[in-house]
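Participant: pasting the sequence and the predicted coordinates here, then a few questions.
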Amino acid sequence: MAKVCVIGGSGFIGRHIAEELVRRDFSVLVPTRYRESAKRDLIHLPNVDVVEADVHDGATLERLFGGCDAVVNLVGILQGGKPASPYSDAFRRAHVALPTRIVGACRRAGVRRLVHMSGLHAGKDAPSEYLRSKADGEAAVLSVQNEIAVTIFRPSVVFGPEDQFLNVFAALQKRLPVVVLACPDAKFQPVYVEDVAAAFVRSLDADESFGRVYDLVGPKVYTLRELVRYAGELAGHPRPVVGLSDRMSYLQARMMEFVPGDLMSRDNYYSMQLPSTSDAALPFGIVPTPLEAIAPSYLGGVTRDARYSALRVAARRGTRGG
Ligand SMILES: NC(=O)c1ccc[n+]([C@@H]2O[C@H](COP(=O)([O-])OP(=O)(O)OC[C@H]3O[C@@H](n4cnc5c(N)ncnc54)[C@H](OP(=O)(O)O)[C@@H]3O)[C@@H](O)[C@H]2O)c1
């Protein structure tokens, strides 16, 4: 049985990738900073080993990678703390230094396959620290592609039962009488977490993906305002959405940096200046799952028709094979 080390495998996307790997008969190793909470989320999966480890230590990584056939890196953060140019120490550590250590440890441990998570429109000149640091992480990983077969994925926002996107908008509308929304016209092309997991796992033995960077997007573009309204409707608490001007959006983002919960920052505001959209099709013949087929099943307060429609689409996906 081939073995894959999934760094960041305890997170939202990582749990789905671990599940897909198990379905495809891989054994999985998940290093984490917090074994007990990671174990809770992964315990139902056979052939998944969860170990507490400091993944920022090169020797620890090398030891973890011994006996692995491939490594998947999913570690990422959305908030980097105090702004800096080109990015803060927190972004550097998670998005650049860690991938650099990972490729070093892959070399030393003899791992020849690496799949790496980036973000849509990562770029050296991108407007946000998040996207600039993701670009340098990509460069670190691609720099070894003559020795290690590397594949990089760049999703737009990812939706699924435990997402921190639609669920947050739904929860906010349960609590607030009105949503005052920064960047209401920002564009997103949400991609389903299971489609992302399928792309990662199918890439592992797909030679054509070696050395490639893939955008991962869903079938439809929405504005942020549309997504917030949709989440409120599905949750059964639709509230009026008041969109802020550009200037007020920036100020709200600035203020939110002082509020616990990491809901929004200026860096998120800068990321949203770029439409999170792409013309790319999903790789490996994966058919992108519509948001409307899945979101009703997890956002609560759903109508029976919406739930049945979601179940029908899920059943069709199950019979599609692949
Ligand atoms: N979710 C999205 O919509 C989306 C969209 C585009 C790209 N992405 C990218 O996809 C990746 C996974 O996203 P996600 O939503 O699954 O994130 P998540 O739920 O927050 O999970 C992140 C994982 O990374 C680990 N981690 C976080 N900070 C770390 C640090 N400083 N050092 C070591 N490990 C750390 C955590 O592990 P432990 O806490 O167990 O140690 C956790 O398992 C990220 O790289 C993100 O940038 C996500």
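Facilitator: Now that the structure is in, tell me what you want to look at.
Participant: C-alpha from now on. contacts and neighbour counts both.
Facilitator: Noted.
Participant: looks to me like H121 is in a strand.
Facilitator: No - applying DSSP: H, G, I helix; E, B strand; the rest coil, one finds H121 to be coil, outside a strand.
Participant: right, and the ligand sits closest to which residue of the stretch 201-322 of the chain?
Facilitator: Taking C-alpha to the nearest ligand atom as the measure, the stretch 201-322 of the chain has L216 as its residue closest to the ligand, at 8.8 Å.
Participant: quick one, helices of the stretch 151-300 of the chain?
Facilitator: For the stretch 151-300 of the chain, applying DSSP state H, counting those that start in this stretch gives helices covering 166-175, 193-203, 224-235, 246-256, 266-271, 291-294.
Participant: the residue of the stretch 201-322 of the chain closest to the ligand touches V157, doesn't it?
Facilitator: No - judged on C-alpha atoms under 8 Å, L216 makes no contact with V157 at a distance of 9.2 Å.
Participant: list the residues that contact both of these two?
Facilitator: Common neighbours of L216 and V157, using C-alpha atoms under 8 Å, 6 or more residues apart in numbering, are V191.
Participant: so for those two, which sits in the more crowded spot?
Facilitator: L216 (28 against 21; other C-alpha atoms under 10 Å).
Participant: how about the residues of the stretch 1-150 of the chain near the ligand?
Facilitator: Within the stretch 1-150 of the chain, the positions adjacent to the ligand are 8-14, 32-34, 38, 74-77, 94, 117-119 by C-alpha under 6 Å from any ligand atom.
Participant: same thing but at 5 Å, please
Facilitator: G8, S10, G11, F12, I13, T32, R33, L74, V75, G76, G119 (C-alpha under 5 Å from any ligand atom).
Participant: hang on, the earlier thing: residues contacting the residue of the stretch 201-322 of the chain closest to the ligand?
Facilitator: By C-alpha under 8 Å, 6+ apart, the residues touching L216 are L120, F153, R154, P155, S156, V191, V196, A280, A281, L282.
Participant: type out the ChimeraX command that picks the buried ones from these.
Facilitator: To isolate the buried members of these in ChimeraX, using 16 or more other C-alpha atoms under 10 Å:
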select :120,153,154,155,156,191,196,281,282
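Participant: now, the contacts of L216 that are in strands?
Facilitator: Members of the contacts of L216 lying in strands (criterion: DSSP state E): F153, R154, P155, V191.
Participant: now these as CSV including pLDDT and distance to the ligand?
Facilitator: Output for these, formatted as CSV (pLDDT from 0 to 100; distance: C-alpha to the nearest ligand atom, whole Å):
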residue, pLDDT, distance to the ligand
F153, 99, 8
R154, 98, 6
P155, 98, 5
V191, 98, 8
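Participant: quick one: low-confidence ranges for this structure?
Facilitator: The chain contains residues with pLDDT under 70 at 301-322.
Participant: where do the strands sit along it?
Facilitator: Using DSSP E, strands in the chain cover 3-7, 27-32, 48-52, 70-73, 113-117, 149-155, 158-159, 179-181, 187-188, 191-192, 212-216, 222-223, 241-243.
Participant: out of those strands, flag the one nearest G137.
Facilitator: Closest approach to G137 among the strands of the chain (C-alpha to C-alpha): strand 113-117, 9.0 Å.
Participant: that closest one to strand 149-155, inter-axis angle?
Facilitator: Interaxial angle of strand 113-117 relative to strand 149-155 (axes from the mean of the first three to the mean of the last three C-alpha atoms, to 10 degrees): 20 degrees.
Participant: so who does G300 touch?
Facilitator: Applying C-alpha under 8 Å, 6+ apart, the residues near G300 are L234, A235, G236.
Participant: what about these, which one has the most neighbours?
Facilitator: Most neighbours among those, by other C-alpha under 10 Å: A235, with 24 neighbours.
Participant: how about the residues of the stretch 151-300 of the chain near the ligand?
Facilitator: Residues of the stretch 151-300 of the chain lying near the ligand by C-alpha under 5 Å from any ligand atom: P155, V157, V158.
Participant: how about the closest residue to the last one other than its chain neighbours, what does it touch?
Facilitator: In space, V158 comes closest to V191 once its chain neighbours are excluded; the distance is 4.9 Å by C-alpha to C-alpha, 6 or more residues apart in numbering. By C-alpha under 8 Å, 6+ apart, the residues touching V191 are P155, S156, V157, V158, F159, L216, V217, G218, P219, P288, T289, L291.
Participant: one more: D195?
Facilitator: Counted by C-alpha under 8 Å, 6+ apart, D195 has contacts I286, V287, P288, T289.
Participant: if any of those residues are buried, put those into a ChimeraX selection.
Facilitator: To isolate the buried ones among these in ChimeraX, judged by 16+ other C-alpha under 10 Å, type:
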select :288,289
